[in-house]
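**Student:** below are the sequence and a predicted model for it; my questions follow.
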Number of protein chains: 6
Amino acid sequence: MNEILEVEPICRLETGIRGFEHVSMGGLVEGRNTLLVGTSGSGKTLFATELLYRAITVYGRQAVFVTFEEKPADIARNVQRLGWDLPVLVRDKKLIILDASLDRSVVEAGGYDLSGIISQITDAVKEIDAKLVVLDSLGALFYQFENPGILRREILRLTDHLQELGVTSVMTAERMEEYGSVTRHGIEEFVSDCVIILRHQLSDEKVRRTIQIYKLRGDRHYKDEFPFSIESKGFCILPLSAAQLELTQASTADR
Amino acid sequence: MNEILEVEPICRLETGIRGFEHVSMGGLVEGRNTLLVGTSGSGKTLFATELLYRAITVYGRQAVFVTFEEKPADIARNVQRLGWDLPVLVRDKKLIILDASLDRSVVEAGGYDLSGIISQITDAVKEIDAKLVVLDSLGALFYQFENPGILRREILRLTDHLQELGVTSVMTAERMEEYGSVTRHGIEEFVSDCVIILRHQLSDEKVRRTIQIYKLRGDRHYKDEFPFSIESKGFCILPLSAAQLELTQASTADR
Amino acid sequence: MNEILEVEPICRLETGIRGFEHVSMGGLVEGRNTLLVGTSGSGKTLFATELLYRAITVYGRQAVFVTFEEKPADIARNVQRLGWDLPVLVRDKKLIILDASLDRSVVEAGGYDLSGIISQITDAVKEIDAKLVVLDSLGALFYQFENPGILRREILRLTDHLQELGVTSVMTAERMEEYGSVTRHGIEEFVSDCVIILRHQLSDEKVRRTIQIYKLRGDRHYKDEFPFSIESKGFCILPLSAAQLELTQASTADR
Amino acid sequence: MNEILEVEPICRLETGIRGFEHVSMGGLVEGRNTLLVGTSGSGKTLFATELLYRAITVYGRQAVFVTFEEKPADIARNVQRLGWDLPVLVRDKKLIILDASLDRSVVEAGGYDLSGIISQITDAVKEIDAKLVVLDSLGALFYQFENPGILRREILRLTDHLQELGVTSVMTAERMEEYGSVTRHGIEEFVSDCVIILRHQLSDEKVRRTIQIYKLRGDRHYKDEFPFSIESKGFCILPLSAAQLELTQASTADR
Amino acid sequence: MNEILEVEPICRLETGIRGFEHVSMGGLVEGRNTLLVGTSGSGKTLFATELLYRAITVYGRQAVFVTFEEKPADIARNVQRLGWDLPVLVRDKKLIILDASLDRSVVEAGGYDLSGIISQITDAVKEIDAKLVVLDSLGALFYQFENPGILRREILRLTDHLQELGVTSVMTAERMEEYGSVTRHGIEEFVSDCVIILRHQLSDEKVRRTIQIYKLRGDRHYKDEFPFSIESKGFCILPLSAAQLELTQASTADR
Amino acid sequence: MNEILEVEPICRLETGIRGFEHVSMGGLVEGRNTLLVGTSGSGKTLFATELLYRAITVYGRQAVFVTFEEKPADIARNVQRLGWDLPVLVRDKKLIILDASLDRSVVEAGGYDLSGIISQITDAVKEIDAKLVVLDSLGALFYQFENPGILRREILRLTDHLQELGVTSVMTAERMEEYGSVTRHGIEEFVSDCVIILRHQLSDEKVRRTIQIYKLRGDRHYKDEFPFSIESKGFCILPLSAAQLELTQASTADR
Ligand SMILES: Nc1ncnc2c1ncn2[C@@H]1O[C@H](COP(=O)(O)OP(=O)(O)OP(=O)(O)O)[C@@H](O)[C@H]1O
Ligand SMILES: Nc1ncnc2c1ncn2[C@@H]1O[C@H](COP(=O)(O)OP(=O)(O)OP(=O)(O)O)[C@@H](O)[C@H]1O
Ligand SMILES: Nc1ncnc2c1ncn2[C@@H]1O[C@H](COP(=O)(O)OP(=O)(O)OP(=O)(O)O)[C@@H](O)[C@H]1O
Ligand SMILES: Nc1ncnc2c1ncn2[C@@H]1O[C@H](COP(=O)(O)OP(=O)(O)OP(=O)(O)O)[C@@H](O)[C@H]1O
Ligand SMILES: Nc1ncnc2c1ncn2[C@@H]1O[C@H](COP(=O)(O)OP(=O)(O)OP(=O)(O)O)[C@@H](O)[C@H]1O
Ligand SMILES: Nc1ncnc2c1ncn2[C@@H]1O[C@H](COP(=O)(O)OP(=O)(O)OP(=O)(O)O)[C@@H](O)[C@H]1O
Ligand SMILES: [Mg+2]
Ligand SMILES: [Mg+2]
Ligand SMILES: [Mg+2]
Ligand SMILES: [Mg+2]
Ligand SMILES: [Mg+2]
Ligand SMILES: [Mg+2]
């Protein structure tokens, strides 16, 4: 029981993403895992990549990007227009892009095991002394496990390992509808310490992008939806939503 | 048949949570189990922890926290910002945090059995003469049972044991949508004596937290939704909701 | 074919529950089974218990309460606040509370059989010459049967036996939503002679309790929803709902 | 191919139910089967019984009532209050009530066969030279067949036999919601020549009963919902619904 | 690759059904299959029969009607009131009504094969040199195939054969709701060249019949819903719907 | 890790379809795969064909059309009315129409393999030095794979191969409802680089066609729904939707 006597305070990691420190009231939670949930095209990969890019270029923290389906070259290519030069970061040993899709052949061979990918991540983190790890996307992984009980345990095992590594991590997860159940399986959101939802909602033939800090164990944060846009230099979260403006007084107590 | 001749009256246990005694008309039911239901991030773990914290610090009752997924250190860490110093309570033998996640390895081994965790709880309760037991969260446990009939019986067995131990207990349970079926399986709410629902409902891009005493066998209580906020010292349930205010006269009869 | 020549008229059994004789136009149907359907916490057990209590104390009819999950002592305890002293009725041989949960261990052993519980009920009815039997709740029972065809037949077997015993009976059944399909399986309501629905509907953060005589084979009754409250002495059904008031003339023909 | 040269015209059978000849534009289709669909308590059994009762007492046609779950005595008892004395009709050999529930024991024995009940019906029809056969309710029967393909074929076989017997027949079928898919399995309505839907819809705490001739192959009929009430002497369908009144001109072409 | 050099233009086959040439902008597509989709009672069989009747009597083209569930005599009988004398057409060798329901016994014998029915159709088409073939309804057929992949392939095989025969064909298919997924299995509509939807929608207790040319590969057509009625001589599609009237200008471009 | 140092910029391929360059802000993404999603009849095949036709006739790029269900002759025939003469393009070796439906017989033989079709595509692409490949439709293919994990991997394998071939490609995919989950299986949209949705939505009896660039990894694009019509020469996307007009200022930032 002695172990819990040494509890460290919740610390926040600034992200450098415009508006994010405001809506999250300080950034990501250091040393923990954050689940980034959204439908296809909602901006999960882009958001996770900007997290890495800012961590490296603004705050000087190395990072590892684990990609389960897209190829490393495609990840890099997709953010070129935003002026984020990932190849340079890779060359300078500030970023490692791990291609976990190589494991794809295991799919048919019954029992799947996360050990391989966990040890690869560990090596990469140590190689460049990374502080941030992104895993994109868990969707590909989930079909490997026959039942939700095992899936739930495996996610826990994975986040436990990341926590032991001492890194702050971000995982992306898929959902099929903009509202309702948070994730496709209704499992990941319960075992995660932090959950962020990205939406691109179509209403009246017009699309509106929003971000919501759905859950953040251990600290205060805004809980409302905030509109955001993807501009020429990256994400831009509007710090005060319409809802926010109206409620400035009422909501100061509950965040 | 004689046994039922010795029926003891329903007693309430004050919780010290601001507003809760009012909406529940007296607090938790002593010696019984209360189910705390909510979506991820609705505040289940925090509410259960404040129950423990106030029980110990305000009323001098020892308590046991059984965690099925989060680690004890994380539980403690998540409430530091609220000024609840769990490590000190553990050191002073007022609180035991039982890590039931250690049993996780059993998952794959077919037949699951609650006996292990039940005897651990019994030992902990006796060790510090605990009056309150929190189990957070049953979600992890439920995948162990193949069919709903067995799940239903196991929950009953567990609550029977807790009742025999003479403790007041609180279990948390997961749901995936804010309205509709109370729990994920539609089972736990039927076998529980008391059900409290926590919600964080998004409407018009704004989130509203509410608490509802959904069911409380054996006594009166308010049944409406009451807004609450998580403030710097913990939960604060507004004693009179808008709905309440309008209906003060009409609802005096039915609670 | 001769048997049907001796058809007895439908008789009603007064219940003594405030407002119920009015909305049901006379009370329960004597010698038949009534299904009491509701979500958790809707008041099924309490309503069934008041039926027993009034039958014994107001009309001098003995009764049997068969409980499938709650313990007899808890049943008694839950109604103490309402001033219904069940232990005294048990002592005076006016009430038997049968604990059918003892059979719980059979769950895992494949083929389930209602014969045991049927013979226990028969003995209890004969022992005190009971006129009313309550079974609460069928929910626990239903997981025993693999397919809906067998479930349907078993419910029929059970109600046939109760009818042969000559008693009036009430069974409670679970539903998960306030509207839509009457019961969880969409089976029980079709094989029952009478169906009463209890609701506690949340709308605009406020809860409203209502009762509806959904079906009553063989006789007239009101079919609308009537609001009710649980007051210090028990149920109180408001005899004229708002809907009722408006429609007094139009609905005199069709009930 | 010669057989189809002898096509007989569609004839209607008057029912004597108040308003039904009007909404159906002539009554049931002679020599064919009509499916009577409704939720529990919608009035299927009562409507089918009034069809029999009027056929015998008003038009002097003998009839057979095949009951799959309710006992003959209960069928008779349930209509006593309406003044329909079935025992007398049975005694006078104008009505046979066949108890098909006796076959219930076959349920568990895999392969189910309708041959037994078909030959019983044939005997009964011949014994009293019946013109009308009612089967209530198919619900009990449907669990016997493993897959919808077999179920579909069996219903066809049954209605083929009834048609060969030369009788006009009515089958009742269950549905779980007032709107949406016509029957529980979405099968019976496609193979039936005529479909009538009975509804008791709850809206704003008030119940409204309606009847709709959903489908009637081979002839004209009204297709709208008509309100009806169950009065002291039986069904009373209001000949002009509100919708009807407004649309008198527009709908004269399409019925 | 040479084969595709001989592409014949899309030709239309006039139907003679009042209003249909207008809404379809020319009639059925010659030599192709059209899927006629609707709930039970929506008018599929009647529409398909009028197609045959007009083809024979107005345009002098022979036709084959393949019925999978209804008996040939019933098909003929159901249109007598509309003045369509099918027996005379059969006698004059202008129409063959094929009873495919005879194959019903094969249901239980695992592997089902369309070859039998295909060769029967081929013979009938050749016997009277038919130009139009109607298959009513595929619903009965679909339960024969275990998985949707095989079902999809079999429908393709059937329509390929019909196309090779050089006939224009119409198949009816079932749906359970008036809106949403086009067919019950969500398969047939994707493999068909043309899809027509018939609806009889209940709203506000009143039924409205409409027809929609949902899809017509290779040519222009109106895509809106048009109201129709079944009058004393057959279908009558109103050439300009309310929606149409308002949009005359806007929709001239897109049809 | 060196490989990612050679990242090429995202290039756009003009399509020549009226309005498409505007809404997509430049056309298709060169060298990548675009998923074209829509219900039956939404215009997927026509849109994909116009892409090919314009590529060949306007920009002088050869193309391959892989058809999984419709016959090559039917594809050509369906666009004749639009003045697109595919046979001439085939004769001139600018277009190859591959009939992948020949593989249909493999369906029943368990394990399915995309290798055959992949090598056929490779040969065709090399034969005419094609730059654009269309695959229509994946729907037929998907029933071959038993579980979604394998399906997901096979789609990735297929698009990987197309990317390695250096061609720009377009695949069509089916959906059953106009809104909600993007594709039938909720899989393809997550693994695709670009997703375009075609809709033909019925509201108030009138149909409205719209196109939406749902997702386009790596570059800017409009995300709203734009109305389009199929005119005598092909697609015509209105460059400014009503929604667009209203929002011209607000949306300049986020595209
Ligand atoms: N340079 C850019 N400028 C503006 N918007 C861009 C730019 N690049 C990408 N986008 C937008 O970002 C979207 C892609 O986001 P992203 O790939 O992060 O989505 P995702 O949530 O990871 O989706 P998936 O689950 O399908 O991988 C594109 O659809 C596009 O709308
Ligand atoms: N110090 C704090 N101040 C304000 N709000 C806080 C604080 N700490 C936590 N919260 C709020 O409480 C939420 C977490 O609550 P909690 O962990 O009890 O949820 P939960 O219902 O147990 O969720 P899960 O099912 O995912 O475990 C956070 O998302 C945050 O919004
Ligand atoms: N003394 C009382 N005064 C007022 N209300 C009471 C009293 N006792 C119980 N109640 C109300 O009755 C509810 C419990 O009713 P009851 O146990 O009959 O429900 P139930 O339908 O049987 O639920 P379940 O299916 O969960 O057993 C409580 O939630 C409470 O709201
Ligand atoms: N004498 C009567 N006067 C008025 N209404 C009556 C009378 N008898 C029965 N009813 C009404 O008829 C309903 C029962 O109808 P019926 O038994 O025909 O329903 P059902 O559709 O057959 O239901 P189930 O599917 O459950 O058998 C009762 O619920 C009651 O509302
Ligand atoms: N002579 C007639 N005059 C007017 N309406 C008629 C006439 N004959 C039939 N109808 C209408 O046509 C409907 C039957 O249409 P039809 O048999 O074509 O439906 P369907 O779509 O084939 O249904 P199912 O799928 O159940 O076979 C009847 O319900 C009736 O409303
Ligand atoms: N010449 C034309 N002029 C106008 N519209 C046309 C023309 N040809 C086809 N159409 C329209 O295009 C539709 C067919 O489009 P297409 O075949 O591309 O659909 P699809 O999405 O591929 O459907 P499916 O999934 O069923 O194959 C037709 O239903 C018709 O409305
Ligand atoms: Mg992504
Ligand atoms: Mg928690
Ligand atoms: Mg109860
Ligand atoms: Mg009935
Ligand atoms: Mg038909
Ligand atoms: Mg197509």
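**Tutor:** Looks like it arrived, so ask away. From a predicted model like this one, the values you see are computed outputs, not experimental measurements. Residues are numbered from 1 along each chain as shown, chains lettered A, B, ... in the order given. Ligands and ions are numbered 1, 2, ... in the order given.

**Student:** and the residue nearest to A:Arg81 when sequence neighbours are not counted, its phi and psi?
**Tutor:** Excluding the flanking residues, the one nearest A:Arg81 by CB to CB, 6 or more residues apart in numbering or on different chains is F:Asp219, at 5.7 Å. For the C-beta atoms, the positions are set from N, CA and C on the backbone; glycine is no exception. Backbone torsions of F:Asp219, given as degrees, to the nearest 10, read phi -160, psi 170.

**Student:** one more: A:Val170?
**Tutor:** Dihedral angles (degrees, to the nearest 10) for A:Val170: phi -140, psi 130.

**Student:** quick revisit: the residue nearest to A:Arg81 and F:Glu30 touch, don't they?
**Tutor:** No - using CB atoms under 8 Å, F:Asp219 is not in contact with F:Glu30, being 10.9 Å away.

**Student:** list the buried ones in stretch A:145-163?
**Tutor:** Within stretch A:145-163, the residues that count as buried by 16 or more other CB atoms under 10 Å in any protein chain shown are A:145, A:149, A:151-156, A:158-159, A:161-163.

**Student:** quick one: contacts for the residue most central in space within chain A?
**Tutor:** In chain A, the centroid-proximal residue (CA atoms, centre = their mean) is A:Val170; its distance is 3.1 Å. Residues in contact with A:Val170 (CB atoms under 8 Å, 6 or more residues apart in numbering or on different chains) are A:Leu28, A:Asn33, A:Thr34, A:Leu35, A:Leu36, A:Ala48, A:Leu51, A:Leu132, A:Val133, A:Val134, A:Leu135.

**Student:** out of these, name the ones that lie in strands.
**Tutor:** Judged by DSSP state E, the contacts of A:Val170 include A:Leu28, A:Asn33, A:Thr34, A:Leu35, A:Leu36, A:Leu132, A:Val133, A:Val134, A:Leu135 as members of strands.

**Student:** pairing partners for the residue nearest to the centre of chain A in the sheet, please.
**Tutor:** A:Thr34, A:Val134 (DSSP bridges).

**Student:** so what's it scoring on pLDDT?
**Tutor:** pLDDT recorded at A:Val170 is 98.

**Student:** same question for A:Leu141.
**Tutor:** 75.

**Student:** which residues touch it?
**Tutor:** With CB under 8 Å, 6+ apart, A:Leu141 has these contacts: A:Phe68, A:Leu114.

**Student:** just to be sure, it is in a helix?
**Tutor:** Yes - when classified by DSSP: H, G, I helix; E, B strand; the rest coil, A:Leu141 is found to be part of a helix.

**Student:** and the residue of the stretch 151-255 of chain A nearest ligand 10?
**Tutor:** A:Gly180 (37.2 Å; CB to the ion).

**Student:** neighbour-wise, which of the ones in strands among the contacts of A:Val170 leads?
**Tutor:** Within these, A:Val134 tops the neighbour count with 28 neighbours, counted by other CB atoms under 10 Å in any protein chain shown.

**Student:** got the contact list for that one?
**Tutor:** A:Ala48, A:Thr49, A:Leu51, A:Leu52, A:Ala63, A:Val64, A:Phe65, A:Val66, A:Ser169, A:Val170, A:Met171, A:Thr172.

**Student:** between the residues you listed, which has the most around it?
**Tutor:** A:Phe65 (29 neighbours).

**Student:** got phi/psi on it?
**Tutor:** phi -110, psi 120.

**Student:** where does chain A have low pLDDT?
**Tutor:** Scanning chain A for pLDDT under 70 picks out A:1-5, A:102-112, A:146, A:241-255.

**Student:** rerun that using 90 as the cut-off
**Tutor:** A:1-8, A:100-117, A:137-155, A:157, A:177, A:179-181, A:183-188, A:203-205, A:239-255 (pLDDT under 90).

**Student:** could you pull out the helices for it?
**Tutor:** A:20-24, A:44-57, A:72-78, A:86-91, A:115-128, A:139-142, A:148-164, A:188-191, A:242-247 (DSSP state H).

**Student:** and those as TSV, adding distance to B:Glu127?
**Tutor:** Shown next, in TSV, are the helices of chain A (distance: least, CB to CB, whole Å):
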stretch	distance to B:Glu127
helix A:20-24	40
helix A:44-57	45
helix A:72-78	53
helix A:86-91	54
helix A:115-128	36
helix A:139-142	41
helix A:148-164	27
helix A:188-191	29
helix A:242-247	47
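
**Student:** count the residues that sit near A:Tyr143.
**Tutor:** Considering only other CB under 10 Å, A:Tyr143 is surrounded by 18 other residues.

**Student:** could you do A:Gly16 as well?
**Tutor:** Counted by other CB under 10 Å, the residues lying close to A:Gly16 total 18.

**Student:** so who does the closest residue to it other than its chain neighbours touch?
**Tutor:** Of all residues not flanking A:Gly16 in the chain, A:Arg54 sits nearest, at 3.3 Å (CB to CB, 6+ apart). When contacts are counted by CB under 8 Å, 6+ apart, A:Arg54 touches A:Thr15, A:Gly16, A:Ile17.

**Student:** if I look at the residue of the stretch 51-200 of chain A at minimum distance from ligand 8, how far off is B:Thr45?
**Tutor:** Nearest residue of the stretch 51-200 of chain A to ligand 8, counting by CB to the ion: A:Phe190, 7.4 Å away. A:Phe190 is 11 Å from B:Thr45, where distance means CB to CB, to the nearest Å.
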